[in-house]
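In: Structure of the sequence below:
(2 chains)
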Amino acid sequence: QKEVEQDPGPLSVPEGAIVSLNCTYSNSAFQYFMWYRQYSRKGPELLMYTYSSGNKEDGRFTAQVDKSSKYISLFIRDSQPSDSATYLCAMRRQGGKLIFGQGTELSVKP
Amino acid sequence: EAGVVQSPRYKIIEKKQPVAFWCNPISGHNTLYWYLQNLGQGPELLIRYENEEAVDDSQLPKDRFSAERLKGVDSTLKIQPAELGDSAVYLCASSFSDLNTGELFFGEGSRLTVL
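Out: Numbering: from 1, shown residues only, chains lettered A, B, ... in the order given. This is a model prediction of the structure:
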């Protein structure tokens, strides 16, 4: 079993929809949680960072961490065609290496 | 500010041939990473450098892969000999230090095809 599990999709939604992306993990020592966005043939770029549990909001993006359930989510409101990309969750424990999920491919149709 | 620069962007070779990838990190970043990304998968760490020291190379297949970071700046990743299964994207990333914030800055990657 992988330490981080993520549904690979693909996920296709109409423009303006609310998108929910999720990851589960098995290592309770993970404390730092991130979401990276990767456009086709580009490197990943950091989108959201959250420490421990709770919510974090940045514009149309909201990251949630539920450590009791070992579950993290990324919500995208009012999705745009420019949001079409692969979204990678990533996490690490204190001093540990960053572990990435498989990535979810998202397509937002105009 | 220039980002992480990698070259070549694309490389096609026949199996058993050698190949090398080069990475120039963001100026001032002392931590450098090489990741492997297979199609439809997330990046997997191959090696991490703190300045010129390789501090985590546990996932680097040392029988055919080697890496170096001379003078703690640029880095080279080499595969010799290449196998069909090495076809993938090799990503270089850098950060100020091995921060728990996870703010790694990635290059665009070097896409390797082994025939």
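
In: who touches the helix or strand of chain B with the lowest mean pLDDT?
Out: When each helix and strand of chain B is scored by mean pLDDT, DSSP states H and E, strand B:53-56 comes last, with a mean of 91. The contact list for strand B:53-56, computed with C-beta atoms under 8 Å, 6 or more residues apart in numbering or on different chains, reads A:97, B:45, B:47-49, B:67, B:69, B:98. Bear in mind the C-beta positions are built from the backbone N, C-alpha and C, glycine included.

In: Now do the same for the residue nearest in space to the middle of chain B: its pLDDT.
Out: The residue at the geometric middle of chain B, judged as the C-alpha nearest the mean C-alpha position with C-alpha atoms, centre = their mean, is B:Trp34 (2.9 Å). We note a pLDDT of 97 for B:Trp34 in this prediction.

In: count of residues packed around A:Gly103?
Out: Neighbour count of A:Gly103, defined by other C-beta atoms under 10 Å in any protein chain shown: 26.

In: wouldn't it be in contact with A:Glu5 here?
Out: No. Proximity of A:Gly103 to A:Glu5 does not meet the contact threshold set by C-beta atoms under 8 Å, at 11.6 Å.

In: Could you check how far the residue nearest to the centre of chain B is from A:Val108?
Out: In this structure, B:Trp34 and A:Val108 are 32 Å apart, going by C-beta to C-beta, to the nearest Å.

In: Next: A:Met34.
Out: 22 Å.

In: Can you pick out the residue with more neighbours from those two?
Out: The neighbour count for A:Met34 versus A:Val108, taken as other C-beta under 10 Å, is higher for A:Met34 (24 against 20).

In: any idea which helix or strand carries the more buried one?
Out: Secondary structure here is read from DSSP states H and E; on that basis A:Met34 sits in strand A:30-38.

In: residues from chain A in reach of chain B?
Out: A:4, A:6, A:8, A:31-32, A:34, A:41-46, A:49, A:51, A:88, A:90, A:92, A:94-95, A:97-98, A:100-103 (C-beta under 8 Å from any C-beta of the partner chain).

In: For B:Gly28, list the residues it contacts.
Out: Applying C-beta under 8 Å, 6+ apart, one finds that B:Gly28 lies in contact with B:Phe96.

In: all strands in chain A, in order from the N-terminus.
Out: In order along the chain, chain A carries the following strands (DSSP state E): A:4-6, A:11-14, A:19-25, A:30-38, A:45-51, A:54-58, A:61-66, A:71-76, A:85-93, A:99-100, A:104-109.

In: what lines up beside the first one in the sheet?
Out: This means strand A:4-6. Strands flanking strand A:4-6 in the sheet, each with its direction: strand A:19-25 (antiparallel) (DSSP bridges).

In: repeat for the fifth one
Out: Applying DSSP bridges, strand A:45-51 is found paired with strand A:30-38 (antiparallel).
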